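K.L.:
this is the structure alone, sequence omitted:
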């Protein structure tokens, strides 16, 4: 067999699922090992004609187990998605969040160093690493000074710095991203955009159940509670993101950091309006102070010039399609 | 009692000893709690008329024990010296080095947050945080982009970033330093300058034992093996350093980072010559490739403008006095 061997850490999550789709669309036979704390709940059979997928339950803090799994599978490419990625959790348990993110990465890299596998790793980081920035710093570029403002963000910066030390000194083949907010079908409702969609579809549901119906002249109206909807974020479709990940694994430069973003900013309030429009609901937002995060950045917009120039990547899925697909996916889930 | 209460972590080391001297010279009654993995081996009785010193054996990774000790002592000031500070060790055990430095700091800060003690912490960092710099970046200033080049240095940067997050978000009163190479009497011979002194004094000893004597017209000659002696470092007398630490604890600004350095660079080869001159030995250096560190910075010189401007600190001990005192201290030790 001469087919590519991919290891995906944190494979059972939202991004893992889309990365599998992306690999499937390459129309090649591939060997995939997914590892996570829990097996994927999505349908794996649909990939079976091209992707030979196996799953291993591995806690990445268990170095011995990780060693055993990597020694056996001998991956050529690792997409390292596993992370304690909640900023909110990192405030409640800074030790846990910090240590878990960083230790996991240290375990992975030390095992690879010991095994001396010729293997490329894509280490996924976050736009949170940039931290508080002034408008003059926008759009955010990879060579900017980092001012992380949460324990989670510090952990991500640490992982990135460790990766570069290991590239320079051990010759490990690690490529780094700072990935901005990604959204798309099947995203968990704890995240902001799917939670908006869910609540707006609920308004629609309630309206049709109550018999008030939907007409062009008298649209359905409703209210949702939100945090601060004036903040601006750079949302990028997860399907564009995973294409970037594949491209970076194939042709990125070791030790380099790449922003993965849309290059455009939208306020959360814009997003609510657009979802409302697509669903036919006039949505009013009401700020609940409990949902407002302390020290949140006002505006986050990235630049994808670097990956565009070096590898020709750019986001191609129109924003309206992303939202429509997410709405359709949520409707399927609700039926 | 209205006397100041200081906690010193890593109190049994070289800097802890000098900080006790510094506190003693303030000529006030003070309560000091020293914690470390091992009790100090230096004479503590000499401080007894002014400093009420007690020692607790504490592993800072043991959060419960740390909680107990801090809850009881209720420090007003903490000098946090404890660290796995060897760059070499961090290459052999990146996980240990990284995790230990960072976890220790996370334990300390989380205990203080829980206890809500009105306590100021001085978190000691390292010039290693700057990493590889070009000559155009010299002298190193606190607002520079950091490019750490060892796991130890990454751990130090992480500690600093976490500290700033905790200052901004929990209101913890933490002041930060980036301390450059410090030297002075009683420094361990594993460090470069004391190791030069020791070996040059050995040459002198051997010469007088062999009966060749010492004369002005025919100086003693000898050779020592070294690493790369062309590298430039900014050495600052530890007695100046601990004065800066005291001043920062009294009057520094929370969340701010301060370089502690001499502002001057010396090659290691200059230092060997100067020690030789003071000892009356003509020293020839021979490079042993085994002693050359990979990826070492060529030139490290800091700027102390910030602490000078804000607090009026500057190094005052002449370089020749530092070396003479170190030589005298080593001679005492050898007798």
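P.N.:
Yep, it's here. Owing to the predicted nature of the structure, the values given are computational and were not obtained by experimental measurement.
K.L.:
which elements pack onto the helix or strand bottoming out on mean pLDDT in chain A?
P.N.:
When the helices and strands of chain A are compared on mean pLDDT, DSSP states H and E, helix A:87-92 comes out lowest with a mean of 79. Applying 3 or more Cβ pairs under 8 Å, 6 or more residues apart in numbering or on different chains; DSSP states H and E, we find helix A:87-92 packed against helix A:94-115, helix A:151-170. Quick note: C-beta positions are derived from backbone N, CA and C, even for glycine.
K.L.:
go again with 7 Å.
P.N.:
helix A:151-170 (3 or more Cβ pairs under 7 Å, 6 or more residues apart in numbering or on different chains; DSSP states H and E).
K.L.:
up against chain B, what does chain A have?
P.N.:
Counting by Cβ under 7 Å from any Cβ of the partner chain, chain A comes close to chain B at A:94-95, A:98-99, A:102-103, A:106, A:110, A:145, A:148-151, A:154, A:157-158, A:161-162, A:165, A:168-169, A:294-295.
K.L.:
buried ones among these?
P.N.:
Burial by neighbour count, 16 or more other Cβ atoms under 10 Å in any protein chain shown: within the residues of chain A next to chain B this picks out A:94-95, A:98-99, A:102-103, A:106, A:110, A:148-151, A:154, A:157-158, A:161-162, A:165, A:168.
K.L.:
could you chop chain A up by domain?
P.N.:
A:4-183+A:236-263+A:299-317, A:192-230+A:266-296+A:327-334 (automatic domain parsing).
K.L.:
in the stretch 101-250 of chain A, which spans are strands?
P.N.:
With strands called from DSSP state E, counting those that start in this stretch, the stretch 101-250 of chain A shows them at A:120-126, A:173-179, A:182-183, A:220-226, A:232-233, A:236-237.
K.L.:
what about the ones you listed, which gets the closest to residue B:290?
P.N.:
For the strands of the stretch 101-250 of chain A, proximity to residue B:290 was assessed by Cβ to Cβ; strand A:173-179 is nearest, at 28.1 Å.
K.L.:
contact partners for the residue nearest in space to the middle of chain A?
P.N.:
Compute the mean C-alpha point of chain A, and by Cα atoms, centre = their mean the closest residue is residue A:182, 5.1 Å away. Residue A:182 sits next to A:236, A:238, A:241 when contact means Cβ atoms under 7 Å, 6 or more residues apart in numbering or on different chains.
K.L.:
pLDDT weak spots in chain A?
P.N.:
Low-confidence segments of chain A, defined by pLDDT under 70: A:1, A:211-217, A:294-295.
K.L.:
all helices for it, in order.
P.N.:
For chain A, applying DSSP state H gives helices covering A:14-25, A:63-73, A:87-92, A:94-115, A:151-170, A:192-209, A:238-251, A:268-279, A:305-311, A:319-334.
K.L.:
winner for burial among these?
P.N.:
Per residue and on average, the most neighbours among these fall to helix A:151-170, with a mean of 24 (mean count of other Cβ atoms under 10 Å in any protein chain shown).
K.L.:
what's it packed up against?
P.N.:
When contacts are defined as 3+ Cβ pairs under 7 Å, 6+ apart, helix A:151-170 packs onto helix A:87-92, helix A:94-115, strand A:120-126, strand A:173-179, helix B:151-170.
K.L.:
so how far is it from its chain's centroid?
P.N.:
Relative to its chain's centre, helix A:151-170 lies at 18 Å (Cα atoms, centre = their mean, to the nearest Å).
K.L.:
what angle do helix B:94-115 and it make with each other?
P.N.:
Angle of helix A:151-170 versus helix B:94-115, following axes from the mean of the first three to the mean of the last three Cα atoms, to 10 degrees, is 160 degrees.
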